[in-house]
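Visitor: the following block contains a protein sequence and its predicted model.
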Amino acid sequence: MSRRFERKQNIFRNKDALGESYQPDRIEERDEEIEEYMDALQPVVDGWEPNNIFLYGNTGVGKTAVTDYLMDQLQEDVTDYDDVDLSVISLNCKTLNSSYQVAVELVNKLRPAGGEISSTGYPQQTVFKKLYEELDAIGGTILIILDEVDSIGGRDELLYELPRARANGYLESAKVGVIGISNDFKFREQLDPRVQDTLCERELQFPPYDAPELENILSSRAEVAIAEGAVENGVLNYCAALAARDSGSARQALDLLRLAGEIAENQGDDVIVEDHVETARSRLEQERVEEGMRELTTHGRLALLAVISKAAKEETPCRTRDIYEEYTTLCESSETDTLAQRSLHNHLSDLRMLGILSAHENRSGSRGNYYSYQLDVPFTSAIEAMSDVLRLDGEIQTIREIATMNDVV
DNA sequence: CATCCACTGGAAGATATGGCGA
DNA sequence: TCGCCATATCTTCCAGTGGATG
């Protein structure tokens, strides 16, 4: 069979304009926030110590985009003043689970290649000290942007230390401002009150976009990204409505449109229609779930597999005790040590948070209160994602057969 | 109205892994 | 090598929870 790549360009003009890394010339629908943000950044221009700023709002409501945009602008404008020497350090904390790791990462960012330090082993204060040394070496005004800071959870020592470093004499020449960005509204409350005081000097809240706002954003991006006439009337409106209903996230709306376009293109259609968006929606949903499943630990997977197996036998929803039994036999088959029931319960909670399982509370009085778990994703995609679990190919095959027998989908 | 079930969820402590400096 | 240090993952312990039951 002869194969051949052919260029398909009937839908997109510049697909990157719908992508994550694209920086539009103009940020839509965030004028108020930008104004407030600029006001909070004013001390930088004036040469004073910068404010610490805390931004919060759901994913995809423009926090990072506005920040990037304003930092570019700020760095450019500040060149007019000789006495302001501004550096911006930006770090995404998503995979960093503690202040310690954030500090290590910052140090490594500032050090020349080869001088990096490893991510464990030092006492925390040692790492902070190294960080102060690096910052002082840069000097001037330094803005540290910590995106997705909420992932450090309650371990917020760095957020306590950094803003005070100068007052405590750790920094001589550097004026540091911290800009924390969080997707989690509750994060602010779980911070140490002293951290709240300093970090949240200036707080900016980014509300979700509503449907008309999303539609505006979409259409301004679509102008750049998509060929003339390649979007059917109402499609942008539909994407906007879906995203507004779900999260109010521009990211989600743009992803929908981009994927819908790709689907249309692959099918050889010249125009994106609502059906494509619908397909895109369910595919994105499934990707999200599979992503979550890939990151599970061995026991997390076994826990999920236990529920899948129960589902195949049409025995879900199903209480913890029964899942634990199923889990135990699976552990035996795979020659894995079983965990205590409490730990299985933890895994089930995790799976619930990932949206892979759902639970409903049973309050049956004298017979106790407990959760009944069941799969919250299509059976097929669940078992598909499980197919590479260690040493359990046989069992998975069996589960598949049972499922087919019972007509489970 | 007290008691009880069958958990849930929080917290503290144990264990193992990998890295540091001396 | 040894004593520390940070972290992830478990285990152990335990105080709730709230409708049904006697």
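Guide: Great, that's in hand. Numbers count the residues shown, from 1 in each chain, chains lettered A, B, ... in the order given.

Visitor: can you give me the helices for the stretch 101-250 of chain A?
Guide: According to DSSP state H, counting those that start in this stretch, the stretch 101-250 of chain A carries its helices in the segments A:124-138, A:157-164, A:185-190, A:193-199, A:211-225, A:235-246, A:250-266.

Visitor: CA atoms only for the last one, dumped as PDB, please.
Guide: Output in PDB follows, covering the C-alpha atoms of helix A:250-266 (Å, rounded to 0.1, in the frame of the first residue of the first chain):
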ATOM      1  CA  ALA A 250     -11.600  30.400  27.700                       C
ATOM      2  CA  ARG A 251      -9.000  27.600  27.500                       C
ATOM      3  CA  GLN A 252     -11.800  25.000  27.400                       C
ATOM      4  CA  ALA A 253     -13.700  27.000  24.700                       C
ATOM      5  CA  LEU A 254     -10.600  27.400  22.600                       C
ATOM      6  CA  ASP A 255      -9.700  23.700  23.000                       C
ATOM      7  CA  LEU A 256     -13.200  22.800  21.900                       C
ATOM      8  CA  LEU A 257     -13.000  24.900  18.800                       C
ATOM      9  CA  ARG A 258      -9.500  23.700  17.900                       C
ATOM     10  CA  LEU A 259     -10.400  20.000  18.300                       C
ATOM     11  CA  ALA A 260     -13.600  20.500  16.400                       C
ATOM     12  CA  GLY A 261     -11.600  22.000  13.600                       C
ATOM     13  CA  GLU A 262      -9.200  19.100  13.600                       C
ATOM     14  CA  ILE A 263     -12.000  16.600  13.500                       C
ATOM     15  CA  ALA A 264     -13.700  18.500  10.600                       C
ATOM     16  CA  GLU A 265     -10.400  18.600   8.800                       C
ATOM     17  CA  ASN A 266      -9.800  14.900   9.200                       C
END
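
Visitor: which strands and helices sit next to it?
Guide: Counting contacts by 3 or more C-beta pairs under 8 Å, 6 or more residues apart in numbering; DSSP states H and E, helix A:250-266 packs against helix A:211-225, helix A:235-246, helix A:274-294. For the C-beta atoms, the positions are set from N, CA and C on the backbone; glycine is no exception.

Visitor: could those be laid out in JSON lines, adding distance to DNA strand B, mean neighbour count and mean pLDDT?
Guide: Listed next are those as JSON lines, based on distance: least, C-beta to the nearest atom of the strand, whole Å; neighbours: other C-beta atoms under 10 Å; pLDDT from 0 to 100:
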{"stretch": "helix A:211-225", "distance to DNA strand B": "33", "mean neighbour count": "19", "mean pLDDT": "92"}
{"stretch": "helix A:235-246", "distance to DNA strand B": "24", "mean neighbour count": "21", "mean pLDDT": "93"}
{"stretch": "helix A:274-294", "distance to DNA strand B": "18", "mean neighbour count": "16", "mean pLDDT": "87"}
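
Visitor: how about those helices in JSON lines, adding distance to DNA strand C?
Guide: Listed next are those as JSON lines, based on distance: least, C-beta to the nearest atom of the strand, whole Å:
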{"stretch": "helix A:211-225", "distance to DNA strand C": "35"}
{"stretch": "helix A:235-246", "distance to DNA strand C": "29"}
{"stretch": "helix A:274-294", "distance to DNA strand C": "13"}
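
Visitor: kindly reformat those helices as JSON lines containing distance to residue A:25.
Guide: Rendered in JSON lines, the data for the helices and strands packed on helix A:250-266 read as follows (distance: least, C-beta to C-beta, whole Å):
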{"stretch": "helix A:211-225", "distance to residue A:25": "9"}
{"stretch": "helix A:235-246", "distance to residue A:25": "20"}
{"stretch": "helix A:274-294", "distance to residue A:25": "26"}
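
Visitor: ok, the residue nearest to residue A:213 when sequence neighbours are not counted to DNA strand B distance?
Guide: Nearest non-adjacent residue to residue A:213, counting by C-beta to C-beta, 6 or more residues apart in numbering: residue A:29, 4.4 Å away. From residue A:29 across to DNA strand B, the span is 36 Å (C-beta to the nearest atom of the strand, to the nearest Å).

Visitor: sec struct for residue A:29, please.
Guide: coil (DSSP: H, G, I helix; E, B strand; the rest coil).

Visitor: can you check residue A:372 too?
Guide: What three-state DSSP gives for residue A:372 is strand.
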